[in-house]
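Peer 1: Test case, fold it:
(one chain, ligands or ions: 1)
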Amino acid sequence: MTAHITANTITINQQMDAFDGHHSVWLFGYGSLIYKADFPYLERRPASISAWTRRFWQGSHDHRGTPEAPGRVVTLIEQAGAVCHGMAYLITPEVFAHLDHREKNGYLRLPITITFNDGSDKQGLVYIAMPDNAAYLGAASEQEIARHIARSAGPSGPNADYLNLLANALRELGQADAHIFEIEQHLALLAPSE
Ligand code: SIN
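Peer 2: Numbering: from 1, shown residues only. Below is the predicted model:
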């Protein structure tokens with residue numbers, strides 16, 4: 001597959017103007033943004049988005065792997081009828097400078113409708129790594145993904161920590177995710193370097 005989008009998406013994201021002039025913006029997190037909120041926020045609420053599903057199909061060159069040996073992290077794949085549960089944060093626009101840097105390895109921030117647990121919704125943003133980004137890895141079985149995660153690590157730590165923290169955060173939210181929980185089960189049976 002041809003990668004059209006550079007490995008570093010900071011410049012593209014800085015040009016996104018969907019919420020210019022707004023004092024606060026809702027951001028939907030579905031991966032590490034659920035369990036690692038290393039940024040200031042005004043409010044945080046469990047939420048979901050429709051027609052997207054979470055998959056460990058994105059490569060990580062800068063957090064859970066290296067350019068030579070990328071790890072695997074989550075992105076969203078379009079799927080009719082799917083609902084992806086996560087955490088929504090109300091943030092001020094200045095926070096995007098930090099987030100664009102954190103999510104620079106292929107993620108674009110795109111407009112999305114965010115639905116809260118009370119059924120109300122708001123327009124907001126979500127970081128998605130599309131299949132045309134340079135770090136994209138694509139589909140693999142849950143067992144292959146677990147093996148890949150078991151042998152990967154990067155500047156943010158072992159890839160296995162990313163998976164386990166995400167699985168625990170989803171359990172805390174009361175949200176089952178078959179793809180994530182199956183990888184977690186395979187991973188638990190593997191030694192760290194397999
Ligand atoms: C997200 O969490 O919303 C994006 C992917 C990640 O940073 O893990």
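
Peer 1: which stretches of the protein have low pLDDT?
Peer 2: Scanning the chain for pLDDT under 70 picks out the ranges 1-7, 18, 191-194.

Peer 1: Taking the centroid of it, which residue is nearest it?
Peer 2: residue 31 (3.7 Å; Cα atoms, centre = their mean).

Peer 1: which residues does the closest residue to the ligand within the chain contact?
Peer 2: The chain approaches the ligand most closely through residue 31 (2.6 Å), counting by Cβ to the nearest ligand atom. Heads up, the C-betas are built off the backbone N, CA and C, glycines and all. With contacts defined as Cβ atoms under 8 Å, 6 or more residues apart in numbering, the neighbours of residue 31 are 54, 73, 74, 75, 86, 162, 166.

Peer 1: now residue 71
Peer 2: Listed by Cβ under 8 Å, 6+ apart, the contact set of residue 71 reads 59, 60, 63, 64, 65, 148, 149, 152, 153, 154, 159, 162.

Peer 1: contacting residues for the first one?
Peer 2: By that I understand residue 59. Contacts of residue 59 by Cβ under 8 Å, 6+ apart are 65, 70, 71, 72, 73, 105, 106, 135, 136, 137.

Peer 1: host element of it?
Peer 2: According to DSSP states H and E, residue 59 maps onto strand 43-60.

Peer 1: and residue 50, how many residues sit next to it?
Peer 2: Look at residue 50: counted by other Cβ atoms under 10 Å, it has 15 neighbours.

Peer 1: Check the one 5 residues further on too.
Peer 2: Residue neighbour count, defined by other Cβ under 10 Å, stands at 21 for residue 55.

Peer 1: now swap in the one 5 residues further on and tell me
Peer 2: Using other Cβ under 10 Å as the criterion, residue 60 is surrounded by 26 other residues.

Peer 1: can you list the residues of this protein near the ligand?
Peer 2: Residues of the chain lying close to the ligand (Cβ under 6 Å from any ligand atom) are 29, 30, 31, 32, 33, 73, 74, 103, 127.

Peer 1: So the residue nearest to the second one when sequence neighbours are not counted, which state does it fall into?
Peer 2: Take residue 30 and drop its neighbours on the chain: the residue closest to it by Cβ to Cβ, 6 or more residues apart in numbering is residue 86, 3.8 Å away. Counting by DSSP: H, G, I helix; E, B strand; the rest coil, the backbone at residue 86 sits in strand.

Peer 1: Perfect, I'm done here.
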